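K.L.:
Pasting a predicted model and its sequence here:
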Amino acid sequence: MTGFETRHLGSTPLRVTILGLGTGTLGGHRIPVSRDEGEAVVRAAWSAGVRYFDTAPFYGFGKACRIVGDALRDLPREDWVLSTKAGRLLRPQANAGAPGTLQHPMPFEEVFDYSYDGIMRSFEDSLQRLGLARIDILYVHDIGARQHGEDAHPKIMHAFREGGYRALEELRVRRDVRAIGIGVNEREVLLEAIEWGDWDVFLLAGRYTLLEQAPLDDLLPRCLQSRISVIIGAPFNTGVLAGRDTWNYRPAPPDIVGRVRMIKAICDSHRVPLVAAALQFPLAHPAVAGILPGPRNVEEFETNAKLLRYPVPRALWADLRSAELLHPDAPTPV
């Protein structure tokens, strides 16, 4: 069975498949991924019916963008939606190849730039890097206090509001992009930006999952009110909900490991794989348009696609709520 439900993105004409393809892992930062392996994942997603693909210059310092562009370029352009990100520019590594130098997948290093010129340059560079004539969704990437520090954040956010945001609006008005948003790991910056920006979509990684539901108290209701769609990245919290030992890109602390074990025990009692519940849970919220797992290979993608349709009894969600492992107000799949 191929094909996935699609949902509207904010007030735009765009529709995205509820299962998208996140390509952060394909950049090769976390584990080695060859070009052929990366393109095979993109092709497998397309064959299964995925029509939303997300990438960023940061992923492999350009490598993931090249993989995505090469794999999708010859496919009918109106049939799929592409998002990428701005806020970082790539510069050649000054000491690439020197003894002891950290070797990145591509010989570049990042420079944060949220100015008008920086966002415009990032957009133009992405078109060239992807080898594509159109980007549908442009997110500003990794802006926030956790990323840049509490002291630096106000100045950076002010610079973005006065410069980079103007660039995003201009690109949208010109229809160079069809939707603009922010892609981050922290909900606080989205709550800040919603007060002054006209956004179509937010990409929130790791904060609304089977493990964490704090956005139910503030962000998700505000997004519904403002007609802002939410894409959930990292639905496995970077691995811990998929049987690995990482949470937020680091080793999972004991309290997180313990909570995951309790969730898994309830899933096991209903003979439901933990991954199936983790994939399906975020999609029950009406503000959520899609999820973006980041499979490492074709096998992981195919497993995700299969488990997204795995039958999950209502009693499982009720048991999680009774055990206080779900937020009391969390919508659950029907």
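P.N.:
Yep, it's here. Since we're looking at a predicted model, the values are computed, not measured.
K.L.:
switch to C-alpha atoms for all contacts and neighbour counts from now on
P.N.:
Noted.
K.L.:
what's the neighbour count on Ile119?
P.N.:
Neighbourhood size, Ile119 [other CA atoms under 10 Å]: 28.
K.L.:
Wasn't it part of a helix?
P.N.:
Yes. Assigned with DSSP: H, G, I helix; E, B strand; the rest coil, Ile119 falls within a helix.
K.L.:
Do I have it right that it meets Ala86?
P.N.:
Yes. Shown here, Ile119 and Ala86 form a contact pair, counting by CA atoms under 8 Å, at 5.7 Å.
K.L.:
for the one helix or strand Val16 maps to, packing partners?
P.N.:
Using DSSP states H and E, Val16 sits within strand 15-17. Packing partners of strand 15-17 (3 or more CA pairs under 8 Å, 6 or more residues apart in numbering; DSSP states H and E): strand 6-8, strand 288-292.
K.L.:
Give me the sheet partners of the shortest one and which way each runs.
P.N.:
Taking DSSP bridges as the criterion, strand 6-8 pairs within the sheet with strand 15-17 (antiparallel).
K.L.:
Give me the contact list for the strand it pairs with.
P.N.:
4-9, 50-52, 80-81, 289-290 (CA atoms under 8 Å, 6 or more residues apart in numbering).
K.L.:
Please produce a ChimeraX select command covering the buried subset of these.
P.N.:
Command for ChimeraX, covering only those of those found buried under the criterion 16 or more other CA atoms under 10 Å:
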select :4,6,8,9,50,51,52,80,81,289,290
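K.L.:
ok, of the contacts of strand 15-17, which one's closest to Gly20?
P.N.:
In terms of CA to CA, no member of the contacts of strand 15-17 lies closer to Gly20 than Tyr52, at 4.7 Å.
K.L.:
Spell out, range by range, the strands that occur in this protein.
P.N.:
Taking DSSP state E as the test, the strands found in the chain are 6-8, 15-17, 21-22, 52-54, 81-86, 88-92, 108-112, 137-141, 179-184, 201-205, 229-233, 246-247, 250-251, 288-292.
K.L.:
now stretch 197-208: how far from the chain's centre is it?
P.N.:
Chain-centre distance of stretch 197-208: 9 Å, with CA atoms, centre = their mean, to the nearest Å.
K.L.:
Buried ones in it, by neighbour count?
P.N.:
199-208.
K.L.:
could you dump the residues you listed to CSV with pLDDT and distance to Arg146?
P.N.:
What follows is the buried residues of stretch 197-208, written out as CSV (pLDDT from 0 to 100; distance: CA to CA, whole Å):
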residue, pLDDT, distance to Arg146
Trp199, 98, 21
Asp200, 98, 23
Val201, 98, 21
Phe202, 98, 17
Leu203, 98, 16
Leu204, 98, 14
Ala205, 98, 13
Gly206, 97, 14
Arg207, 97, 13
Tyr208, 98, 17
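K.L.:
before we move on, the earlier item: mind checking which of the strands of the chain is nearest Leu75?
P.N.:
Here strand 81-86 is closest among these (CA to CA), at 11.5 Å.
K.L.:
mean confidence for that closest one?
P.N.:
What strand 81-86 shows for mean pLDDT is 98.
K.L.:
Report the angle between that strand and strand 108-112.
P.N.:
Strand 81-86 runs at 80 degrees relative to strand 108-112, counting by axes from the mean of the first three to the mean of the last three CA atoms, to 10 degrees.
K.L.:
Let me see the contact set for the most centrally placed residue in the chain.
P.N.:
Central residue of the chain (CA atoms, centre = their mean): Gly233, 3.3 Å from the mean position. Shown in contact with Gly233 (CA under 8 Å, 6+ apart): 22, 203-206, 291-293.
K.L.:
Including distance to Ala64, could the contacts of strand 15-17 go into CSV?
P.N.:
Output for the contacts of strand 15-17, formatted as CSV (distance: CA to CA, whole Å):
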residue, distance to Ala64
Phe4, 24
Glu5, 26
Thr6, 24
Arg7, 25
His8, 26
Leu9, 24
Val50, 17
Arg51, 17
Tyr52, 15
Trp80, 17
Val81, 16
Ala289, 23
Gly290, 20
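K.L.:
Just name the closest of the contacts of strand 15-17 to Ala40, please.
P.N.:
Within the contacts of strand 15-17, distances to Ala40 taken as CA to CA reach their minimum at Val50, with 13.6 Å.
K.L.:
Surely that closest one touches Thr6?
P.N.:
No. When contacts are counted by CA under 8 Å, Val50 is not listed as touching Thr6 (9.6 Å).
K.L.:
Show me where the chain has its helices.
P.N.:
35-48, 63-72, 116-130, 145-148, 153-159, 165-173, 187-193, 219-226, 254-269, 274-280, 298-307, 314-322 (DSSP state H).
K.L.:
For Asp136, what are phi and psi?
P.N.:
Dihedral angles of Asp136 (phi, psi; degrees, to the nearest 10) stand at phi -90, psi -40.
K.L.:
pretty sure it is touching Val177, no?
P.N.:
Yes. Using CA under 8 Å, Asp136 makes contact with Val177 at a distance of 4.9 Å.
K.L.:
So which of those two has more stuff around it?
P.N.:
Neighbours were counted for Asp136 and for Val177 using other CA under 10 Å; Val177 has more, 20 against 17.
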